[in-house]
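**Student:** curious how this folds, go ahead:
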Amino acid sequence: MPSEGATTKLDFTNVRQQAPVHVLMRSRKAAIVKLPAILQGEARTRFLQGIAFGAVATMAIGFAWGGWVTGESARLMRVSAETSGRMSVLVPLCVAQFTAADGALAKFKATGPYSRENVVSEFVKSVASTSMDYSFAKACATGIETEIAKTAAKT
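**Tutor:** Presented below is the predicted three-dimensional model:
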């Protein structure tokens, strides 16, 4: 350890100096980083073809067997589930309103199976602030038919 006030001489003779970038790249063909053998020549082509084939195969298997769906299909499934959930609550209310109306069951039984939705729409205008449309009227008509079948089986 040098004494206080003494100067030390630093030796920089063994320090390697960095060469400028233009000296390192003397020719354009000289590569600083070598690519692995799998990414050179024919092997590179086969490697990239394998990646592409694997991606396509993954997507095909995912959509066919994996349960993958597009955004539009997911939206349609959501709307369908929402509608069926709403119908499962509203149809019994519709059936109750329809059977409570005077002369509704007699007219329902007298009409053919293809125009019963119109009879339901005539007697029930809305259920729980949901207006009657064709699919709702058809579901309600099916519920009324089931209710009539249950009543007939009891007697």
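
**Student:** where do the helices sit along this structure?
**Tutor:** Along the chain, counting by DSSP state H, helices occupy 21-24, 41-64, 71-100, 104-110, 116-123, 134-154.

**Student:** please identify the deepest-packed of those.
**Tutor:** helix 116-123 (a mean of 19; mean count of other CB atoms under 10 Å). C-beta coordinates here come from the backbone N, C-alpha and C atoms, glycine included.

**Student:** check what pLDDT the closest residue to Ser131 other than its chain neighbours gets.
**Tutor:** Using CB to CB, 6 or more residues apart in numbering and skipping the chain neighbours, the partner closest in space to Ser131 is Lys125 (7.4 Å). Note on Lys125: pLDDT of 85.

**Student:** hang on, Lys125 packs against Asp133?
**Tutor:** No: proximity of Lys125 to Asp133 does not meet the contact threshold set by CB atoms under 8 Å, at 11.4 Å.

**Student:** output the below-cut-off pLDDT ranges for the chain.
**Tutor:** 1-31 (pLDDT under 70).

**Student:** now with 90, please.
**Tutor:** For the chain, the stretches with pLDDT under 90 are 1-48, 67, 79-91, 97-118, 121-139, 146-155.

**Student:** hey, C-alpha coordinates of stretch 40-55 in CSV?
**Tutor:** Only the C-alpha atoms of stretch 40-55 are listed here, as CSV (Å, rounded to 0.1, in the frame of the first residue of the first chain):
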residue,chain,number,x,y,z
GLN,A,40,-28.1,-22.2,-43.7
GLY,A,41,-28.8,-23.5,-47.2
GLU,A,42,-31.1,-26.5,-47.7
ALA,A,43,-31.5,-27.1,-44.0
ARG,A,44,-32.8,-23.6,-43.6
THR,A,45,-35.5,-24.2,-46.2
ARG,A,46,-36.6,-27.4,-44.6
PHE,A,47,-36.6,-25.8,-41.1
LEU,A,48,-38.8,-22.9,-42.3
GLN,A,49,-41.1,-25.4,-44.1
GLY,A,50,-41.4,-27.4,-40.9
ILE,A,51,-42.4,-24.3,-39.0
ALA,A,52,-45.0,-23.3,-41.5
PHE,A,53,-46.4,-26.9,-41.6
GLY,A,54,-46.5,-27.1,-37.8
ALA,A,55,-48.4,-23.8,-37.6
